[in-house]
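Asks: Sequence and predicted model, in that order:
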Amino acid sequence: MACQQEPPTLSSLTTPLSARAKYKRALKKSTNFNKKDLTEWDSISNLAFTQNVEIPTPYRQSGFFLKGRAEVLAFELPLKQGEKIDIEVKSDSTDIQLFVDFFEKRKNGWHPIIKSVKGQTNFQFEVSRTDTFLLRIQPEFHKNGNYKLKILKNPIYAFPVAGRGNEDVWSVWGAPRDGGKRKHKGIDVFARRGEPLIAIADGLVTDVSDQGLGGKQVWIRDTRNNNKLYYAHLHKQLVKEGQTVERGDTIGLVGNTGNARTTAPHLHFGIYRAIGGAIDPLPFVKSYRNQFLNNTATLKWDILNKGITYNNANLRFKPKGKKSLIKALKDGSPVELLGASGRWYHVRTLDGTVGFIHYTSIKQLKATVLS
C-alpha cells in the first residue's frame, strides 16, 4: 500500500488507481458478497468521521481487526506547517489488505489528500499549512488480522547551526521587541562566535549584504518549496549572490553584527513564504526524539478482544491529559479493545463512543472454550 500525495478532490478515493476503489469493484463482482455487504463496508468507513481520537506524534499502536464487528480506526493529528510525518501501517497477516486514507480538515468537512495504493506499507507527508488531519485505516470486509501503526515526526529542514539543536533556541517566534513595538519574526539560536551556519536545504543564494538590523546576512531561496531562508547577524559570510548550495553546505559563521552587537553571538533565522510573508520557522527545523513508551498496555489475540472497566475508568479523547475527558465509565462497563499504545487502550463503548482508557482501568476478557 504505497501512498501518493495528490490534490484534495473527492475523486481521489474513487479513481481506478485507488486500492480502495479496486477493492470495491471486486466486491461488486464477487459472488460471495451482495450489495448489502458493500453498503455496510462503505457505511463502516464513514464512521471514521464521527468515531475518531486525537493522538500525539510520534505515535505507535498495535491491535487486531475482527470480522464480526465494525472495523475502522481513525486518528486526528494536529500538525504544524514545516513538519514531516512518516506513517507506516502493516499487518503480519498475509490474507488481509489494509486501506489507508489521509484527510485534511476544511470548513465543509474532511477532504481526502492521500490515497492508498496496494503493495507498500508506508507514506510520507510534508505539512504545508498548520491544520488538523485524519488518518483512516480499514481492513477488507469481514477479515481477521493484526495491525501495527507507527508515526514518526521530523522537520522538513536541517538545523541551521552545525552541532546545535532545540536547546540552543532561546528566543522564539512572536517574542516582543523594542518594548513591544514589534514582534520577533524568527528564532534566535545562540552559539559561539565562528561556529558554522549551514544551508538547511538545497537552494540559490539570492542576497549577501551587510545592512540594517540584520547586519551581515544571507538569503537563500529553497528551490524545492520556494521559501526564502534568512540568516542574520553573521560574523562572516562564506557564499556569494547567485551561488547554488546544497543542504549541509557551510554558508557563514555565527556572529553578532547589526542590532545584535550588544548581545551574545547568535543566529537570527527566519523563513518567509513567497506569498504571505514571515512564518514561524521552529517547526521547520525542530528535531524530535521519536522514542516510544514501553507497551504496558498489551493485547493478545482472542476471538472476543473485549474488556470491562473498573476503578471508575475515564474515557479520554487523547491518550493523556485531564482536559481530554469524554466521560467516566461505571465499574464493569463492557468495551471493545481496538488497540494498545504505551499505557493506554484504544476502546469503543457499547454506544459507539471511541477513546482511550488507562491500562490500570481495564480487565481483558477471554473467550471460553465450551467442553
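Replies: Thanks, I have the structure now.
Asks: all helices in the stretch 101-250 of the chain, in order from the N-terminus.
Replies: In the stretch 101-250 of the chain, no helices are found when defined by DSSP state H, counting those that start in this stretch.
Asks: Tell me where the model's unsure across it.
Replies: Applying pLDDT under 70 to the stretch 101-250 of the chain picks out residues 119, 174-182.
Asks: switch to 80 and redo it
Replies: For the stretch 101-250 of the chain, the stretches flagged by pLDDT under 80 are 116-120, 171-184.
Asks: partner residues bridging the residue most central in space within the chain?
Replies: What sits nearest the mean C-alpha location of the chain, by C-alpha atoms, centre = their mean, is I85, with 4.6 Å. Beta-bridge partners for I85, by DSSP bridges, are F125, K153.
Asks: could you list every residue that touches it?
Replies: For I85, the contacting residues are 57, 77, 79, 124-125, 127, 151-154, by C-beta atoms under 8 Å, 6 or more residues apart in numbering. The way it works is simple: take the backbone N, C-alpha and C, and place the C-beta from them, glycine included.
Asks: mind redoing it with 6 Å?
Replies: 125, 151, 153 (C-beta atoms under 6 Å, 6 or more residues apart in numbering).
Asks: what's the domain layout of the protein?
Replies: 1-156, 166-285, 293-371 (automatic domain parsing).
Asks: Can you give the distance of the second one from its chain's centre?
Replies: Averaging C-alpha coordinates over domain 166-285 and over its chain gives two centres that are 26 Å apart (C-alpha atoms, centre = their mean, to the nearest Å).
Asks: before we move on, what about the shortest one?
Replies: Using C-alpha atoms, centre = their mean, the mean C-alpha position of domain 293-371 is found 24 Å from that of the whole chain.
Asks: How far off centre is stretch 113-131?
Replies: With C-alpha atoms, centre = their mean as the basis, stretch 113-131 stands 10 Å off its chain's centre.
Asks: So I220 versus A367, what's the distance?
Replies: 62 Å (C-beta to C-beta, to the nearest Å).
Asks: Tell me which of these two has more neighbours.
Replies: I220 (26 against 10; other C-beta atoms under 10 Å).
Asks: sorry, back to before: for E195, state which of the contacts of I85 is nearest.
Replies: Nearest to E195, judged by C-beta to C-beta, of the contacts of I85 is K153 at 26.7 Å.
Asks: burial of that closest one, as a residue count?
Replies: 22.
Asks: Looks like it contacts Y288 (just checking).
Replies: Yes: between K153 and Y288 a contact is recorded at 5.0 Å, counting by C-beta atoms under 6 Å.
Asks: how about the CA coordinates for stretch 335-353, as CSV?
Replies: Taking C-alpha atoms only, stretch 335-353 is exported to CSV below (Å, rounded to 0.1, in the frame of the first residue of the first chain):
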residue,chain,number,x,y,z
VAL,A,335,-15.7,-2.2,25.9
GLU,A,336,-14.2,-3.4,22.7
LEU,A,337,-10.4,-3.3,22.7
LEU,A,338,-9.3,-1.8,19.4
GLY,A,339,-5.6,-1.4,20.1
ALA,A,340,-2.9,-0.7,22.7
SER,A,341,-0.4,2.2,22.8
GLY,A,342,2.0,2.7,25.7
ARG,A,343,0.0,2.9,28.9
TRP,A,344,-3.4,3.2,27.1
TYR,A,345,-6.1,1.1,25.5
HIS,A,346,-7.9,2.4,22.4
VAL,A,347,-11.5,1.3,23.0
ARG,A,348,-15.1,1.5,21.8
THR,A,349,-18.0,1.6,24.2
LEU,A,350,-21.4,-0.1,23.5
ASP,A,351,-22.9,3.2,22.3
GLY,A,352,-20.1,3.6,19.7
THR,A,353,-18.0,6.2,21.5
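Asks: pLDDT on it, on average?
Replies: What stretch 335-353 shows for mean pLDDT is 96.
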